[in-house]
Each structure stands twice: as C-alpha cells, then as structure tokens.
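[1] coords please:
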Amino acid sequence: MGLIFISFLFIGCYSFTGGSVPSHLKTINIQNVNDVSGFGNPEYKDLLFQNLLNNFQRDNSLKLVEFGGDCKLIVIISSINEAAISINPGELETERKITVVCDVEFFDAINQKQIFKRNFNNYDVYAVRDGQQGRDIAIKKIITRLGEDILLAVVSGW
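    Residues are numbered from 1 along each chain as shown. Here you go, the predicted structure:
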C-alpha cells in the first residue's frame, strides 16, 4: 500500500510539457504586448505581458532577457469580442460569452527564422448581472489561460 501511495505521489509531482526547447535557444525576449482589439482597456495588454513574464520565469526553460535574446516572442491582442448566449424571444439576456484572440509570433534570432506564427484564442462566460466587474473577471481568466497556452506552445511545440 505504501509503495502505491509513493508512486502516486511521484506521478502527481511530474509535470509533462512535451518536447523541449532546442539546445541553441537559451534566452528569450518577450516584447511588450500590443492591443489592437479596440476594446479600450490598456490593463489587459499589461496583464497578459506580466502573465507571460511570470509563466516563463516559473517554467525556467528559457532565461528572460530585456534586450536581445536567442529568441523573441511577439504577442498582439487582435480582438476581444462579446456575444449573447442563446436567448429566446421575449427573454432577458442573462449570460454573455467573451472571446480574446491573440496573434503570436515566436522567432529564432540565432537562425533568423520564424518558428511559428499563429492565433491563440480562449473564452469565458459571465453573468450579465455582474456587469463590468464580471466582464473584467472573465477576461482576466481568459488572459491567464492564454498565457499558459502560449508558454506551452513555445516550450513544447517542437
């Protein structure tokens, strides 16, 4: 019984991120996140940028550098869209779905080539009665998930 518990303990501690970063890439420069969504809240780009910095620092696959870097990560919030969730005629809207889309480019500065350029998107649902606060909480959840998705694509997308 004790051996089974220890086995589960080790399995629970193991974190699988897939492949690994190529050996020639040691440092990464994460450029400030731009927001061209037109949604009008500059806090979101700053939040995503900080989230990315924290994720990469915690992961430690690549050392963060302010200038230069063996590779570069460029992230743009391209759209933030909100939509009602299925409403029948005569009913009041109770929930809204909000989607955030980011254009991400990961560039190998040593070999001077683009590793990938792709869109990442995620969504969340919030109650209309929660108003702006509910929307902000939903977007912050989305940004957290996008930061994790982008990290995983960079460190395990090989």
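[2] which strands and helices sit next to the longest helix belonging to the chain?
    What stands out as the longest helix in the chain, according to DSSP state H, is helix 131-156. Helices and strands touching helix 131-156, as assessed by 3 or more Cβ pairs under 8 Å, 6 or more residues apart in numbering; DSSP states H and E, comprise helix 43-59, strand 71-84, strand 95-108, strand 113-127. Backbone N, C-alpha and C define where each C-beta goes, glycine included.
[3] Note down every partner strand of the last one and its orientation.
    Taking DSSP bridges as the criterion, strand 113-127 pairs within the sheet with strand 95-108 (antiparallel).
[4] what's the average pLDDT for the strand it pairs with?
    Averaging pLDDT along strand 95-108 yields 97.
[5] distance between that strand and the chain's centre?
    Computed by Cα atoms, centre = their mean, to the nearest Å, the separation of strand 95-108 from the middle of its chain amounts to 8 Å.
[6] Can you give me the buried ones in stretch 79-90?
    79, 80 (16 or more other Cβ atoms under 10 Å).
[7] How about residues contacting that stretch?
    The contact list for stretch 79-90, computed with Cβ atoms under 8 Å, 6 or more residues apart in numbering, reads 37, 39, 44, 93-101, 125, 135, 139.
[8] Residue 29: which of those residues is nearest?
    Closest approach between the contacts of stretch 79-90 and residue 29, by Cβ to Cβ: residue 44, at 21.2 Å.
[9] Ranking by neighbours, what's the top pick from the contacts of stretch 79-90?
    Using other Cβ atoms under 10 Å as the neighbour test, those are led by residue 100, with 26 neighbours.
[10] and that one, what is it in contact with?
    Residue 100 touches 37, 44, 77, 79, 80, 121, 122, 123, 139, 142, 143, 146, counting by Cβ under 8 Å, 6+ apart.
[11] now do residue 142
    Residue 142 touches 98, 99, 100, 122, 123, 124, counting by Cβ under 8 Å, 6+ apart.
[12] Just the CA atoms from stretch 63-79 would do, formatted as CSV, please.
    Output in CSV follows, covering the C-alpha atoms of stretch 63-79 (Å, rounded to 0.1, in the frame of the first residue of the first chain):
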residue,chain,number,x,y,z
LYS,A,63,16.1,32.8,-19.4
LEU,A,64,14.2,36.0,-19.7
VAL,A,65,16.3,39.0,-21.1
GLU,A,66,15.2,42.6,-21.6
PHE,A,67,17.2,43.1,-24.8
GLY,A,68,18.4,40.8,-27.5
GLY,A,69,17.8,37.2,-26.7
ASP,A,70,18.2,34.0,-28.6
CYS,A,71,14.5,34.1,-29.4
LYS,A,72,11.7,36.6,-29.4
LEU,A,73,8.1,36.4,-28.5
ILE,A,74,5.7,38.9,-30.0
VAL,A,75,2.1,38.9,-28.8
ILE,A,76,-0.7,41.1,-30.1
ILE,A,77,-4.3,41.1,-28.7
SER,A,78,-6.1,41.2,-32.0
SER,A,79,-9.7,41.0,-30.9
